[in-house]
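Asks: What follows is a predicted protein model with its sequence.
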Amino acid sequence: MMLILSGLTGFAQTEKGNFLLSAGTSIGVGDSEGLMGLAFTNSKIKSDDGSTSEIKLTNFYVSTKAGFFLIDNLAGGLDLAMSFSSGSTDVAGLNFESNTNFFGVGPFLRYYLGNGKIIPFAEVNTLFGSRNENSQGAGTDSESKFSVANIGAGLGIAIFLGGRSALDLVTSYNSTKLKETEDAFNVTQNTLGLKIGFTVFF
């Protein structure tokens, strides 16, 4: 009897009419520059003339979801993402400080494959938002603003921890386009990453 109830737990949580709330972060690999990932970077560069430069970056990223099960196992809703980063660069005795923040929102769909205590799922999402950058150093102060459009997809597993919660592990791909609002130049970033999250069902 307990085995039967255990096998039905995941299905009951993903039935039509239920809701989900999720929060997590990402660890990315690629040219993401910390926009949509948790990042801690410290690199040193030594030139042929013996001079050195050092670059430090710290970025915090969080993504939250609120969704509704449209049919059994298929949830749709809104994805909200935020990131905040700070960095410093020392070049030839000159120090430059930078701060960046990002905010985005957009729809998502997630489909759970089967039922049980460990359930694979697939998801797609889009984000639309803005990114602001501010840098200071060597007597200069500059600010840049970007509009951001992102499309992402992922394959993951939900490890159910009890009657109404699950740990999510997701392999994800994101393609992000940034457009500078004043100079009108575009930057495209592509990132492979691992998402780690926690979801509550009710």
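Replies: Good, I have the coordinates. Residues are numbered from 1 along each chain as shown.

Asks: When you work out contacts or count neighbours from here on, use the C-alpha atoms and nothing else.
Replies: Will do.

Asks: which intervals of this protein have sub-threshold pLDDT?
Replies: For the chain, applying pLDDT under 70 flags the ranges 1-11, 28-51, 91-93, 138, 184.

Asks: in it, which spans are strands?
Replies: With DSSP state E, the ranges of strands along the chain come out as 19-30, 39-46, 52-71, 74-91, 94-112, 118-137, 140-160, 165-180, 186-201.

Asks: And the contacts of the last one?
Replies: Put plainly, it is strand 186-201. Residues outside strand 186-201 that contact it (CA atoms under 8 Å, 6 or more residues apart in numbering): 13-14, 18-32, 164-180.

Asks: And the nearest residue to Pro107 once chain neighbours are set aside, how far from Val148?
Replies: Excluding the flanking residues, the one nearest Pro107 by CA to CA, 6 or more residues apart in numbering is Leu78, at 4.5 Å. The gap separating Leu78 from Val148 is 17 Å, by CA to CA, to the nearest Å.

Asks: So if I had to pick from those two, which one is more boxed in?
Replies: Val148 (21 against 17; other CA atoms under 10 Å).

Asks: what's near enough to touch that one?
Replies: Counted by CA under 8 Å, 6+ apart, Val148 has contacts 104, 127-131, 176-179.

Asks: List buried residues within the residues you listed.
Replies: Buried members of the contacts of Val148, scored by 16 or more other CA atoms under 10 Å, are 104, 127-131, 176-179.

Asks: of those, closest to Ile55?
Replies: Distance to Ile55, by CA to CA, is smallest for Arg131 among the buried ones among the contacts of Val148, at 20.7 Å.

Asks: Can you tell me the closest non-neighbouring residue to Thr64?
Replies: Leaving out its chain neighbours, the residue that sits closest to Thr64 by CA to CA, 6+ apart is Ala23, at 4.3 Å.
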